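Enquirer: Got a predicted model here, sequence first, then my questions.
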Amino acid sequence: MKKVMMIAAAVLVALTGCKQQTNEEILAAFEESLNTYVADYRAAAEKIDSDTTLTDEQKEAQFETLADGLNEQIVSTGTKVINKNPNNVEVVPSVLGNIYPYMEEAELEKLLNSLGEEVKGDKIVASLIEGLAAKKATAVGNKFTDFTVDHVAGVDKDGNPVYEKKSLSDFVGKGKVMLVDFWSPWCPPCKAEIPNIKAVWEKYHGEDFDVLSVAVWEESRKMDWHNTIDTAAFYGMKWLQLNNGHREPASLYGIDGIPHMILFDKDGTILKRGDDLRGEKTAKAVAEVLGR
């Protein structure tokens with residue numbers, strides 16, 4: 001009898017040790033890991049910054065390597081959590097929200113495909129699936145996807161907006177190479193990119209090239225066409241404009257962060273987009289396409 005009781009006790013200990021974590025515990029452990037990674041990153045970054053033996057270029061390179069390492073840790077840890085809980089409608093969306101910005105498209109697609117159907121129906125997950133499909137449909141090499149906005153062309157005598165239906169096809173695929181900038185008046189990085197766009201426009205605009213800025217997501221920061229028009233004027237954005245774009249243009253192109261630029265060929269084929277068109281890369285890309 002004593003031997004049987006000992007065996008039963010051993011089984012009880014084993015079962016207790018394998019107790020399934022609650023959703024709160026899973027997410028808390030994940031958050032703790034992220035906090036540890038970020039703390040380690042900050043400590044390492046401070047060490048690099050205070051190293052007087054390094055040049056600014058060397059520091060920048062080490063910062064980039066450090067950031068890449070942090071992103072890899074976040075994605076790796078989050079992916080492991082999701083792979084263990086592919087059908088968990090509480091855990092997966094929360095973890096995905098933290099890791100998807102750092103994932104390659106193919107990597108994200110593989111992870112999304114592994115999820116249970118109920119999880120795929122979650123609002124966050126469904127949005128990522130739709131966004132990924134939009135990115136694939138508007139990837140480099142594809143023709144442009146059209147959209148139409150109620151562009152505010154001006155105001156009437158009472159100060160009310162005068163709306164005018166304007167489409168991307170009014171500008172793209174019309175025989176000019178077009179640089180299209182998706183931006184918003186509340187977005188600091190968008191404003192930081194304006195001098196680069198202005199320099200490209202001033203140097204190259206003419207019969208074979210032009211720039212179009214499309215304002216999106218204004219309502220997300222309680223802004224509207226007033227802010228867009230005023231901001232564009234303040235920053236000297238004299239090139240083509242589409243305001244009052246809201247969500248559709250960005251959604252159709254799978255854009256999840258702005259500024260986001262797309263370079264279209266004369267026939268409307270997408271030549272470059274995203275990170276390939278930031279800073280000095282923009283002018284270089286335009287010069288290559290135009291052959292000058």
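Expert: Nice, I can see it.
Enquirer: residue ranges of the strands in the stretch 1-150 of the chain, please?
Expert: Taking DSSP state E, counting those that start in this stretch as the test, the strands found in the stretch 1-150 of the chain are 148-155.
Enquirer: In it, where is pLDDT below threshold?
Expert: Residue ranges of the stretch 1-150 of the chain with pLDDT under 70: 1-19.
Enquirer: Same check on the stretch 151-292 of the chain?
Expert: Looking at the stretch 151-292 of the chain by pLDDT under 70, you get an empty list.
Enquirer: the domain parsing of the protein - what is it?
Expert: 2-137, 148-290 (automatic domain parsing).
Enquirer: who does the lengthiest helix in the chain touch, helix- and strand-wise?
Expert: Ranked by residue count and defined by DSSP state H, the top helix of the chain is helix 56-84. With contacts taken as 3 or more Cβ pairs under 8 Å, 6 or more residues apart in numbering; DSSP states H and E, helix 56-84 sits against helix 23-49, helix 91-99, helix 105-113. From N, CA and C alone the C-beta is placed, and that goes for glycine too.
Enquirer: M261 should be in a helix, yeah?
Expert: No: using DSSP: H, G, I helix; E, B strand; the rest coil, the secondary structure at M261 is strand, not a helix.
Enquirer: burial measure for F234, as a count.
Expert: Neighbour count of F234, defined by other Cβ atoms under 10 Å: 11.
Enquirer: err, V200, not the other one
Expert: With other Cβ under 10 Å as criterion, V200 counts 22.
Enquirer: Could you do A137 as well?
Expert: Other residues near A137 number 13, with proximity taken as other Cβ under 10 Å.
Enquirer: and if you look at K157?
Expert: 5.
Enquirer: Next: I48.
Expert: I48 - counted by other Cβ under 10 Å - has 17 other residues nearby.
Enquirer: Spit out the contact partners of it.
Expert: I48 sits next to L54, K59, Q62, F63, L66 when contact means Cβ atoms under 8 Å, 6 or more residues apart in numbering.
Enquirer: ok, of the residues you listed, which one's closest to T22?
Expert: Nearest to T22 among these: L66, at 33.8 Å, using Cβ to Cβ.
Enquirer: ok now do that closest one, which residues does it touch?
Expert: L66 sits next to Y41, A44, A45, I48 when contact means Cβ under 8 Å, 6+ apart.
Enquirer: Same list, those residues, but as TSV with distance to G274 please.
Expert: Listed next are these as TSV, based on distance: Cβ to Cβ, whole Å:
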residue	distance to G274
Y41	24
A44	28
A45	26
I48	28
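Enquirer: Can you go through these and name the buried ones?
Expert: Among those, the ones that count as buried by 16 or more other Cβ atoms under 10 Å are Y41, A44, A45, I48.
Enquirer: For the second one, which residues are in contact?
Expert: Counting by Cβ under 8 Å, 6+ apart, A44 touches L66.
Enquirer: With D230 instead?
Expert: P185.
Enquirer: Next, K272: phi, psi?
Expert: Backbone geometry at K272, expressed as degrees, to the nearest 10, gives phi -150, psi 160.
Enquirer: Against K135, how distant is the residue nearest to it when sequence neighbours are not counted?
Expert: Leaving aside its chain neighbours, K272 sits nearest to L263 (4.5 Å; criterion: Cβ to Cβ, 6 or more residues apart in numbering). Counting by Cβ to Cβ, to the nearest Å, the gap from L263 to K135 is 16 Å.
Enquirer: When these two are compared, which one has more neighbours?
Expert: More neighbours surround L263 than the other of L263 and K135, with 22 against 18 (other Cβ under 10 Å).
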